[in-house]
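Novice: sequence and computational prediction follow.
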Amino acid sequence: MKSLTPAQRQYLKGLAHSRQPVAMIGSNGLTPAVLKEVERGLAAHELIKIKAASDEVETRRAWMEEICAATGAAPVQQIGKVLVIYRAADKPVIALPG
């Protein structure tokens, strides 16, 4: 799991604001199919939102950690049931500050 500076995280939060979730973690939890969809979303967009169906904060936090560990992405933020993660592409489209 990569780490971001506070300035980079703030920049990515602003970019993520207008985006729609590309994957949803349903009642079955974090399945291989969900991870595959997250991987596909990261490859296409670098910065993605994931909607989590669980009402448990700790469950959503654990999912965020597991997704980031499995995909090599960095956590950006978790607001309610929405998780935001970032992973730079081979040829990055999003230019991070400093």
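Specialist: Received the coordinates, thanks.

Novice: who touches the helix or strand that contains Ile85?
Specialist: Here Ile85 sits within strand 82-86, counting by DSSP states H and E. Contacting residues not belonging to strand 82-86 are listed as 4, 12-13, 16, 21, 38, 42, 46-52, 60, 63-64, 67-68, 71, 73-78, 94 [C-beta atoms under 8 Å, 6 or more residues apart in numbering]. Just so you know, the C-beta spots here come from the backbone N, C-alpha and C atoms, and that holds for glycine as well.

Novice: can you tell me which of the residues you listed are buried?
Specialist: Buried subset of the contacts of strand 82-86 (neighbour count, 16 or more other C-beta atoms under 10 Å): 12, 16, 21, 38, 42, 46-50, 52, 60, 63-64, 67-68, 71, 73-78.

Novice: what about the residues you listed, which are in helices?
Specialist: Leu12, Ala16, Val38, Leu42, Arg60, Trp63, Met64, Ile67, Cys68, Thr71 (DSSP state H).

Novice: save those as a markdown table, and put in distance to Asp90 too.
Specialist: Formatted as a markdown table, those follow (distance: C-beta to C-beta, whole Å):
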| residue | distance to Asp90 |
| --- | --- |
| Leu12 | 18 |
| Ala16 | 21 |
| Val38 | 18 |
| Leu42 | 12 |
| Arg60 | 30 |
| Trp63 | 26 |
| Met64 | 24 |
| Ile67 | 20 |
| Cys68 | 19 |
| Thr71 | 14 |
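
Novice: which element is the closest residue to Ala43 other than its chain neighbours on?
Specialist: Nearest non-adjacent residue to Ala43, counting by C-beta to C-beta, 6 or more residues apart in numbering: Ala89, 7.1 Å away. According to DSSP H and E, Ala89 maps onto no helix or strand at all.

Novice: tell me how many other residues crowd Ala89.
Specialist: If you count neighbours by other C-beta atoms under 10 Å, Ala89 ends up with 12.

Novice: go on, Pro97?
Specialist: Neighbour number of Pro97 under other C-beta under 10 Å is 9.

Novice: sorry, back to before: now the strand holding Ile85: buried residues?
Specialist: Neighbour counts over strand 82-86 (16+ other C-beta under 10 Å) mark Leu83, Val84, Ile85, Tyr86 as buried.

Novice: perfect, I'm done here.
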